[in-house]
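J.: here you go, sequence then predicted model.
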Amino acid sequence: MKLVSREMVEEAGVDVDELLKLLVANASAELTTFYYYTALRVNLTGFDGEALKEIAEDARIEDRNHFEALVPRIYELGGSLPNDMTAFHDISACPPATLPDDPTDTKAIIEVLLKAEQCAVRGYTHVCNVTCGKDHRTYALAQAILNEEIEHEAWFAEFLAYGASGHFRRRRVGESPFVSKFLHIG
């Protein structure tokens, strides 16, 4: 039996199989980024690193939230996640945010964080463009994630002196102000 929610998206002109590939690749990017950000965050030490640790933690937890919010939509559209974690890692929409050669180089760590966020901004902008006016639920979810990814990008760009971000710290770590309405976890 075909679900009406998928049928409506198809009738609106979205290639749902291609959309599912995008969503699964972005879910992979979110989960792998959560993992890699863990390694990056623990290496933020010293005066410069400690100043960045809370922001990196916000982005890390919010990326996990993005993964948690994407998974139900993937299944609602008739998709699934790969059974093999290695295969899942390897289809990530973004390259791994791995620790730089010198794990004490805070600026290099920030550059890795910034590039990861820029990749996410591109990816969710694409999902929004594909679903705008056609798949309202996926569009709303992708737009919420995009809003948070843009803030993450601004935070890290600010540390690299690209200018003030205009964003303020979260009330609590991992708050996900835009995505929280899609989460069904505590």
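T.: Thanks, I have it.
J.: state which helix of this protein is the longest.
T.: helix 46-76 (DSSP state H).
J.: who are the contact partners of Met8?
T.: Contact partners of Met8, counting by C-beta atoms under 8 Å, 6 or more residues apart in numbering, are absent. Backbone N, C-alpha and C define where each C-beta goes, glycine included.
J.: point out where the chain drops to low pLDDT.
T.: Residues of the chain meeting the criterion pLDDT under 70: 1, 167-170, 185-186.
J.: check which helices and strands the helix or strand encompassing Glu149 sits against.
T.: Assessed by DSSP states H and E, Glu149 sits inside helix 136-159. If contacts are counted by 3 or more C-beta pairs under 8 Å, 6 or more residues apart in numbering; DSSP states H and E, helix 136-159 sits against helix 16-42, helix 46-76, helix 106-131.
J.: what residues of that helix count as buried?
T.: The neighbour-count check on helix 136-159 (16 or more other C-beta atoms under 10 Å) flags 137-146, 148-159 as buried.
J.: also stretch 111-118?
T.: For stretch 111-118, by 16+ other C-beta under 10 Å, it's Val112, Leu113, Leu114, Ala116, Glu117, Gln118.
J.: measure the first one to Thr104 for me?
T.: Relative to Thr104, Val112 is positioned 14 Å away (C-beta to C-beta, to the nearest Å).
J.: for the fourth one, same thing?
T.: Separation of Ala116 from Thr104 (C-beta to C-beta): 20 Å.
J.: and for the last one?
T.: Gln118 sits 24 Å away from Thr104 when distances are taken as C-beta to C-beta.
J.: ok, and the closest non-adjacent residue to Val127?
T.: In space, and not counting its chain neighbours, Val127 is closest to Ala142: 4.0 Å by C-beta to C-beta, 6 or more residues apart in numbering.
J.: is it true that the one you found touches Tyr124?
T.: Yes: with contact defined as C-beta atoms under 8 Å, Ala142 counts as touching Tyr124 (5.0 Å).
J.: hang on, Leu113 packs against Ala97?
T.: Yes: using C-beta under 8 Å, Leu113 makes contact with Ala97 at a distance of 6.8 Å.
J.: shared neighbours, those two?
T.: Tyr37, Leu40.
J.: before we move on, back to that, packing partners for the longest helix of the chain?
T.: Right, helix 46-76 is packed against helix 16-42, helix 106-131, helix 136-159 by 3+ C-beta pairs under 8 Å, 6+ apart.
J.: buried residues in it, which are they?
T.: 49, 52, 55-71, 73-74.
J.: how far does it sit from the chain's center?
T.: 7 Å (C-alpha atoms, centre = their mean, to the nearest Å).
J.: tell me which residues in the helix or strand that that helix is followed by are buried?
T.: As assigned by DSSP H and E, the chain's next helix or strand after helix 46-76 is helix 85-90. For helix 85-90, a neighbour-count test (16+ other C-beta under 10 Å) marks Phe88 as buried.
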